[in-house]
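Participant: build the 3D model from these lines:
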Amino acid sequence: MTRTEHSPKELERIRRYRLIDDTFLSVVFQDKECTQLLIRCVLQREDLTVIQVRTQRELKNLWGRSVRLDVLAADEAGNLYNIEVQRSDSGAARRRARYNSSLLDAHVTEPGEEYEALAESFVIFITENDYFRQGLPMYHIERVVQETGELFADGEHIIYVNGQYRGADPVGELMHDFFCQDPAEMSFPLLARNVRYYKDDAEGVDYMCRISEEIWEEGREKGRQEGQKEGRRVGRQEGEQQMLVQNIRRLMENTNHTFLEACDIFGVPQEKRSPLKERVFS
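Facilitator: Presented below is the predicted three-dimensional model:
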């Protein structure tokens with residue numbers, strides 16, 4: 001197969017990708033074994049077997065608001081796992097974790113199904129920073145009965161993994177690998193092999209360049225749409241402003257009201273009167 005020629009800029013972009021970057025995570029963790037390795041490290045369970053993985057899965061609620069999941073996986077027991085990387089603390093907001101968890105439940109239930117059959121769900125946020133700032137490798141969020149301190153045990157689990165943790169254990173090694181650009185420096189051979197494929201292998205590099213271009217194009221299109229939306233908003237504001245100028249002029253021409261009195265009548269805020277006055281008398 002003839003190798004596709006890529007620009008130095010494209011190749012440099014691929015070289016700088018790390019697993020903490022959601023684009024690269026979603027590509028590498030299409031591999032079931034990689035996803036299984038991650039979940040086993042986080043849950044500290046070697047007996048867990050992942051049977052299905054989907055990346056960049058979009059889920060919507062009843063009102064149409066959607067969220068795009070980085071990784072959605074299922075194990076042989078039917079448990080669901082949503083794995084997200086969060087570069088900023090705002091992206092790791094607690095209610096976002098709650099929202100993701102609720103969407104998992106909403107999309108796995110069938111009409112007439114018993115609630116006890118609802119699968120266990122795990123929302124795993126891998127954060128670039130130590131979100132809770134306690135220096136711990138992980139933070140497990142569970143509902144509890146406040147009066148007794150006992151776990152509510154409803155099958156919903158939220159786990160924050162501290163991306164800054166570098167302990168001599170599987171989680172520490174995993175977080176080390178998440179921040180490596182060079183696969184030769186990674187601790188887990190399986191992760192290193194898959195990262196190397198997308199950075200060094202001709203087919204893998206072609207795939208990553210295509211994915212990157214699609215993401216850049218999607219970003220440009222979103223930017224254009226937001227720009228058009230902003231343009232329409234500014235246009236509406238300008239139209240409303242021009243109508244206000246005309247109404248104030250008519251009121252002043254047809255009555256004995258002064259400019260300030262007209263502003264009072266139309267409820268113009270004090271801070272907007274000076275620039276508005278320039279337009280009325282121009």
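Participant: quick one: average pLDDT of stretch 209-226?
Facilitator: Average pLDDT, stretch 209-226: 71.
Participant: can you list phi and psi of the residue nearest the centre of the chain for me?
Facilitator: By Cα atoms, centre = their mean, the mean C-alpha position of the chain lies nearest to Gly91, the distance being 6.2 Å. Per-residue torsions, Gly91: phi -70, psi -20 (degrees, to the nearest 10).
Participant: from Asn100, how far out is it?
Facilitator: Distance of Gly91 to Asn100, given as Cβ to Cβ, to the nearest Å: 11 Å. Heads up, the C-betas are built off the backbone N, CA and C, glycines and all.
Participant: in this structure, where is pLDDT below threshold?
Facilitator: Along the chain, the parts satisfying pLDDT under 70 run over 1-4, 60-66, 108-114, 216, 218-232, 234-235.
Participant: let's go with 90 and repeat that
Facilitator: By pLDDT under 90, the low-scoring segments of the chain are 1-10, 13, 22-23, 56-69, 88, 90-91, 102-119, 210-282.
Participant: would you map the helices across it?
Facilitator: For the chain, the helices defined by DSSP state H occupy 8-16, 22-28, 32-43, 94-108, 170-178, 189-200, 202-254, 259-266, 273-280.
Participant: between these, which one is nearest to Asp75?
Facilitator: Closest to Asp75 of the helices of the chain, according to Cβ to Cβ: helix 32-43, at 7.6 Å.
Participant: helices or strands up against that closest one?
Facilitator: strand 50-60, strand 66-75, strand 80-86, strand 121-127, helix 170-178, helix 189-200 (3 or more Cβ pairs under 8 Å, 6 or more residues apart in numbering; DSSP states H and E).
Participant: what's the end-to-end length of stretch 134-146?
Facilitator: Across stretch 134-146, the terminal residues are separated by 23 Å (Cα to Cα, to the nearest Å).
Participant: could you pull out the buried residues of that stretch?
Facilitator: Buried residues in stretch 134-146, counted by 16 or more other Cβ atoms under 10 Å: 137-139, 141.
Participant: what is the nearest of those residues to Leu276?
Facilitator: Closest to Leu276, out of all of the buried residues of stretch 134-146 and judged by Cβ to Cβ, is Ile141, at 51.4 Å.
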